[in-house]
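Trainee: predicted model follows, preceded by the sequence.
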There are 2 protein chains.
Amino acid sequence: MTEGLDQATIDLLGVLAYGELTAFERLASDAQLAPTIADKHALASMAAAEFEHYRRLHDHLRRSGIEPEKAMAPFVRPLDEFHDSTPPNDWLEGLIKAYVGDGLASDFYREVAAFVTDAATRELILEVLADSGQASFAVAKVGAAIEADPAVAGRLALWARRLVGEALIQAQRVAVDHDALTELLVGGSGDLAGIGRLLTRLTDNHTARMQTLGLQP
Amino acid sequence: MTEGLDQATIDLLGVLAYGELTAFERLASDAQLAPTIADKHALASMAAAEFEHYRRLHDHLRRSGIEPEKAMAPFVRPLDEFHDSTPPNDWLEGLIKAYVGDGLASDFYREVAAFVTDAATRELILEVLADSGQASFAVAKVGAAIEADPAVAGRLALWARRLVGEALIQAQRVAVDHDALTELLVGGSGDLAGIGRLLTRLTDNHTARMQTLGLQP
């Protein structure tokens, strides 16, 4: 029994669950780059929060009669490729990835979630997309690093642009391979003008995050 | 205020806390090597359990008036060096490390915990040392791999021996640098014969674990 979850909703839960699982792995792994135990503690705590999000999405799928592994399977390749193509070279790049990358992904998923008809699913998605503390932590640490050495700002801005570029490549692949998910987004937005406004919102939020970090968008 | 925690107990909590934190990072990182989503799920779940252990030790230190970062600091180098010198080359080596390495460490810490005078600390340590599911999972997966290709048994046995060797090097360093901790162990064991029996117990358990895996100890 699927308790009425349509294919687009299953796809959304699948990509989100695998996204949280890989975010957990990568954040925990990046914690090894932390310069102090306190920084390690902070990043590991965020990773643990991502795992908790993953667990809730996983359990929600199972309770809805969907095999979580099956729902996640189609998204393994794009998400693994995104992470494989963007390994942070140092602690600061890891923080930017956690803040800028997860921020952009969260904004996007939140927009899609608004079109999900199943209320329990919609609420769960909005809950797990809540910031796990990345934002203020990354802003403080990156800000301090730029103050100590203004030259790093250029390198980090380039890095953030690369993250967005790689994310778009994989998002494009997901869109092409998943008609139901794309339909949900296009249908929910109403028309091309709606999609345009959605993209504008995503871009505006991304720009705001970059400016908060003190980086050229 | 330290609520009566002596230096040896603080050291024990510090090495355990940092041990759980690094175990978390490495397990989560090794989850990237998992061949299936279900395997990734299993390893990530164990990693999350290690983080919960870390969090409890961290909070216990803080509640006892000890700065957790300060208690952990002296153990950063030996634990990081152990992990840096033993990066698993594949999924199976990661599982062996989780089972054989954590098993040996847990046995040792459990022996030391018996000599801790503070009852709340002693109970907490025994709780966080409880198996997070590594054992049965690793035994099943390694057993299946050896059945599929008996030749891997030799390589994995060598790997386990190397893990033990590297662990002993770091344990030796910790013993030399931490008189209070060493005193606790020697004083608690009573005499050299007591230490001898303790080492025999550790060796016996290690041998049993290797045999359960189907590996030459």
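Mentor: Arrived safely, thanks for sending. Numbering: from 1, shown residues only, chains lettered A, B, ... in the order given.
Trainee: so what's the residue of chain A found nearest chain B closest to, chain neighbours aside?
Mentor: Proximity of chain A to chain B (C-beta to the nearest C-beta) peaks at A:Ala28, 3.3 Å away. Every residue, glycine included, has its C-beta placed from N, CA and C. Excluding its sequence neighbours, the residue lying closest to A:Ala28 (C-beta to C-beta, 6 or more residues apart in numbering or on different chains) is B:Ala28, at 3.3 Å.
Trainee: touching, the one you found and A:Leu21? I think so.
Mentor: No - between B:Ala28 and A:Leu21 there is no contact under C-beta atoms under 8 Å: 10.0 Å.
Trainee: residues making contact with the worst-scoring helix or strand of chain A on mean pLDDT?
Mentor: Taking mean pLDDT, DSSP states H and E as the measure, the helix or strand of chain A with the lowest value is helix A:179-189, at a mean of 86. Helix A:179-189 has contacts (C-beta atoms under 8 Å, 6 or more residues apart in numbering or on different chains) with A:6-9, A:11-12, A:15, A:111-112, A:114-116, A:174-175, A:194-195, A:197-198.
Trainee: which bits of chain A sit near chain B?
Mentor: Within chain A, the positions near chain B by C-beta under 8 Å from any C-beta of the partner chain are A:18, A:21, A:24-25, A:28-29, A:31-32, A:36-38, A:40-41, A:44-45, A:47-48, A:51-52, A:54-55, A:58, A:68-69, A:72-73, A:76.
Trainee: related to what we said a few turns ago, residues contacting the residue nearest to A:Ala28?
Mentor: A:24-25, A:28-29, A:47, B:43-44, B:47.
Trainee: from those, which two are the most distant?
Mentor: Across those, no pair lies farther apart than A:Ala47 and B:Leu43, at 13.5 Å, counting by C-beta to C-beta.
Trainee: point out where chain A drops to low pLDDT.
Mentor: A:1-3, A:132 (pLDDT under 70).
Trainee: all helices for it, in order.
Mentor: Under the criterion DSSP state H, chain A contains helices at A:7-30, A:37-63, A:68-72, A:76-85, A:91-96, A:102-113, A:119-128, A:134-148, A:152-177, A:179-189, A:192-213.
Trainee: count the residues that sit near the closest residue to A:Val76 other than its chain neighbours.
Mentor: Of all residues not flanking A:Val76 in the chain, A:Tyr18 sits nearest, at 6.3 Å (C-beta to C-beta, 6+ apart). Residues contacting A:Tyr18 under the criterion other C-beta atoms under 10 Å in any protein chain shown number 26.
Trainee: what's the burial count for the closest residue to A:Phe115 other than its chain neighbours?
Mentor: Leaving aside its chain neighbours, A:Phe115 sits nearest to A:Gly188 (2.9 Å; criterion: C-beta to C-beta, 6+ apart). Close neighbours of A:Gly188, defined as other C-beta under 10 Å, add up to 18.
Trainee: right, and A:Met72 touches A:Leu16 too?
Mentor: No - look at A:Met72 against A:Leu16 with C-beta under 8 Å: they stay out of range, at 9.3 Å.
Trainee: burial count for A:Arg63?
Mentor: Neighbours around A:Arg63, by other C-beta under 10 Å: 10.
Trainee: contacting residues for it?
Mentor: A:Arg63 neighbours (C-beta under 8 Å, 6+ apart): none.
Trainee: and it, how close does it get to A:Val15?
Mentor: Between A:Arg63 and A:Val15 the distance is 18 Å, computed by C-beta to C-beta, to the nearest Å.
Trainee: just the buried ones from the contacts of helix A:179-189?
Mentor: Using 16 or more other C-beta atoms under 10 Å in any protein chain shown as the burial test, these include A:8-9, A:11-12, A:15, A:111-112, A:115-116, A:174, A:198 as buried.
Trainee: which of these sits closest to B:Tyr99?
Mentor: A:Val15 (32.2 Å).
Trainee: separation between the closest one and B:Glu67?
Mentor: 41 Å.
Trainee: I'd assumed A:Leu202 was in contact with A:Phe108.
Mentor: Yes - shown here, A:Phe108 and A:Leu202 form a contact pair, counting by C-beta under 8 Å, at 6.2 Å.
Trainee: counting neighbours, what do you get for the nearest residue to A:Thr212 once chain neighbours are set aside?
Mentor: Of all residues not flanking A:Thr212 in the chain, A:Val139 sits nearest, at 5.5 Å (C-beta to C-beta, 6+ apart). Neighbour count of A:Val139, defined by other C-beta under 10 Å: 16.
Trainee: could you do A:Leu27 as well?
Mentor: Neighbours of A:Leu27 (other C-beta under 10 Å): 26.
Trainee: so who does it touch?
Mentor: Contacts of A:Leu27 by C-beta under 8 Å, 6+ apart are A:43-44, A:46-47, A:50, A:94, A:98.
Trainee: could you redo the last one with a cut-off of 10 Å?
Mentor: Contact analysis of A:Leu27 by C-beta atoms under 10 Å, 6 or more residues apart in numbering or on different chains lists A:43-51, A:94, A:97-98, A:102, A:132, A:134, B:25, B:28.
Trainee: equivalent analysis for A:Leu79, please.
Mentor: Contacts of A:Leu79 by C-beta under 10 Å, 6+ apart are A:15, A:18-19, A:21-23, A:72, A:105, A:170, A:174.
Trainee: ditto for A:Leu163
Mentor: A:82, A:85-86, A:88, A:93, A:96-97, A:100-101, A:104 are the contacts of A:Leu163 under C-beta under 10 Å, 6+ apart.
Trainee: just confirm A:Asp11 contacts A:Lys70, I think it does.
Mentor: No - with contact defined as C-beta atoms under 10 Å, A:Asp11 does not count as touching A:Lys70 (11.2 Å).
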